[in-house]
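Participant: Structure of the sequence below:
(chains A and B)
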Amino acid sequence: MRYASLLLVLGFATGCAVRYPAVVPMREQQFRSHDQAVALPLDQEGRGEVANFLEHGGNRFGRNAAPDAQAAGHKQMLDALAAEGNLKIRASLATSDFCAIALPLCQAAPILRKRMAVTQVIDARNRQPEVPDPIAVCDDEYCWIFRQSNNLLTHLVVVRSVRRLQP
Amino acid sequence: MSPAMSLHADLLGRLQAIARVQLVARLQDDRLNFPGANELHVFIPDIHLITAARRVEGGYQYGTNHPVLLEAVVKSLRALKLASAPAGEVVVYQIGDLFDLWRQVDGLDPNANAASAIQNDQASLLAALRDPDLNAQFLLGNHDYDLYRFPNFDAWQRSFVLAPSVMLLHGDVFDWVEKLPAELKNLVLFLFTASHPAGTADLEKLRPLNNKQRGGRKFRDFIQNQAPAPTGKWRETSDDGGSWNVQVEGTAPKEMLLYLDEARQKCGEANGQFGSALNMAVIGHTHQARIAVHDTEDEFFTLMDCGAWIENCSTADDPTPRPNAQIAALGANEARIYQLAPLE
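Facilitator: A predicted model of the protein is given here:
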């Protein structure tokens, strides 16, 4: 009974608390795929850099390969990002549904389906927030941070999510 | 000619290179106590951006005036700032209601999607305003108050004190501050001091009050002024000095003195409580550009309302509606408001 009451109180407390929007931080050098975002569509070299980052568990300076639990989804994603037609977006849509914004990419890379678009990307290297807003979307372990212009995804950095369960 | 006088002239010159410029009002008076010989503070008032799609969807009959000109003005201010440094300092402020979240979304915007959509839809203007070299300072208005919750906007403030004598705020607090209970009145008073800037928790406490002002209104036909706002008599610009079109309490029509008394009272309270010497308030919010003065033997107080880039205004000698497109500048004990229009 006491536990039930406690849970009830906690439920009310968290439910009524002010909720701040999701944020994606630009990670430190080790945990981001590039220092300067790689241009889209991905060419062979860019694709190789992102793939290498993912193969090393999201550690750019990692010496050992690490198993990627989402390897198949990531391969689809890299394939999709190499095709210009998948980069069209609707940037002026006021929604958190990433697939509503980037429908072609979602169709080609199902790993992104039902994921949330995050526009509050924090990059402490910048003097001011970027305009237009970067759009980030996180899968289970990585966040894909896209720069955009004129309703096209133009550049990409992949970072290891701060919410990743395993170090 | 002092450096700030030349900064006023430099600003005017740059504006005239890209726009038709008319002088709405000018106040030159040492009692402003804002001598700032080598600095110029430039104020861009309410812009009220929404996305083009939302404007159609919401059936809004009006929008931001002259956005292309506005972007050119912002870029010109950046050039002025860079050219003036290091001898002179130009500080640019957007004084609230840059975004109009109230018209963009019907309810809360919990994840900054609406703000982001507006920013993306108006990317070139926003990129100019958020250019690191311009380093514009932003105020939260009532229509974009909720931006304080988002990390990429949390440097935006509710007020600035420009020492020693000038209070800069959006101005919406004057709509309701006198109706508040004492505790909240005190909280609002902290907006009027540099020593206790409003933190996120304070903004959170005042948020319900801000939302109450929205009150389910749709703003389909207008925000502030259904009819063009009166602005007195304009004239062509020149640097011949002296004051122009200043609304003096006691002689000016009542509608030209809106919030003069409220601002004077609040600044007086702040002076009493915090030991400051505020005798001028710079605001936007009402979309009515004007300089109003309370001038008695024992007190001199000025309200500069910088106007807007939305809705219309008219002049005393011409009732034709003209799109609000004003900026204001302050330095060397001189305040000016300009009306801009695209060059033909």
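Participant: Quick one: residues contacting the residue of the stretch 151-300 of chain B at minimum distance from chain A.
Facilitator: Distance from chain A to each residue of the stretch 151-300 of chain B (C-beta to the nearest C-beta) is smallest for B:Asn152, at 4.0 Å. Any C-beta I mention is one placed from the backbone N, CA and C, and that applies to glycine too. The neighbours of B:Asn152, taking C-beta atoms under 8 Å, 6 or more residues apart in numbering or on different chains as the test, are A:119-122, A:129, A:133, B:112.
Participant: let's go with 6 Å and repeat that
Facilitator: A:120, A:129 (C-beta atoms under 6 Å, 6 or more residues apart in numbering or on different chains).
Participant: Does it belong to a helix, a strand or coil?
Facilitator: Three-state secondary structure (criterion: DSSP: H, G, I helix; E, B strand; the rest coil) places B:Asn152 in helix.
Participant: Distance of it relative to B:Glu297?
Facilitator: B:Asn152 sits 49 Å away from B:Glu297, going by C-beta to C-beta, to the nearest Å.
Participant: could you check whether stretch B:117-132 is close to chain A?
Facilitator: Yes - under the criterion of C-beta under 6 Å from any C-beta of the partner chain, chain A is reached by stretch B:117-132 at B:117, B:119-121, B:123, B:126-127, B:130, B:132.
Participant: of the residues you listed, closest to B:Arg103?
Facilitator: Nearest to B:Arg103 out of these is B:Ala117 (C-beta to C-beta; 12.3 Å).
Participant: So what's the residue count around that closest one?
Facilitator: 28 (other C-beta atoms under 10 Å in any protein chain shown).
Participant: repeat for B:Gly216
Facilitator: Other residues near B:Gly216 come to 5 when the count uses other C-beta under 10 Å.
Participant: And the helices in chain A?
Facilitator: Taking DSSP state H to define them, one finds helices in chain A at A:2-16, A:44-55, A:71-81, A:98-101, A:103-108.
Participant: Kindly report the same for the stretch 101-250 of chain B.
Facilitator: Secondary structure of the stretch 101-250 of chain B, counting by DSSP state H, counting those that start in this stretch: helices at B:101-104, B:113-121, B:123-129, B:173-176, B:182-189, B:200-214.
Participant: will you turn those into CSV that also has distance to A:Leu78?
Facilitator: Supplementary listing: the helices of the stretch 101-250 of chain B in CSV, determined by distance: least, C-beta to C-beta, whole Å:
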stretch, distance to A:Leu78
helix B:101-104, 35
helix B:113-121, 25
helix B:123-129, 28
helix B:173-176, 52
helix B:182-189, 52
helix B:200-214, 40
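Participant: With mean pLDDT and distance to A:Glu84 as added columns, please give those in a markdown table.
Facilitator: Below are the helices of the stretch 101-250 of chain B laid out as a markdown table (pLDDT from 0 to 100; distance: least, C-beta to C-beta, whole Å):
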| stretch | mean pLDDT | distance to A:Glu84 |
| --- | --- | --- |
| helix B:101-104 | 94 | 31 |
| helix B:113-121 | 93 | 20 |
| helix B:123-129 | 96 | 20 |
| helix B:173-176 | 89 | 50 |
| helix B:182-189 | 78 | 53 |
| helix B:200-214 | 84 | 42 |
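Participant: Separate out the buried members of the residues of stretch B:117-132 next to chain A.
Facilitator: Neighbour counting over these (16 or more other C-beta atoms under 10 Å in any protein chain shown) leaves B:117, B:119-121, B:123, B:126-127, B:130 as the buried ones.
Participant: Please identify the buried residues of stretch B:166-182?
Facilitator: Within stretch B:166-182, the residues that qualify as buried are B:166-175, B:177, counting by 16+ other C-beta under 10 Å.
Participant: same thing with stretch B:283-296?
Facilitator: With the criterion 16+ other C-beta under 10 Å, stretch B:283-296 contains buried residues B:283-294.
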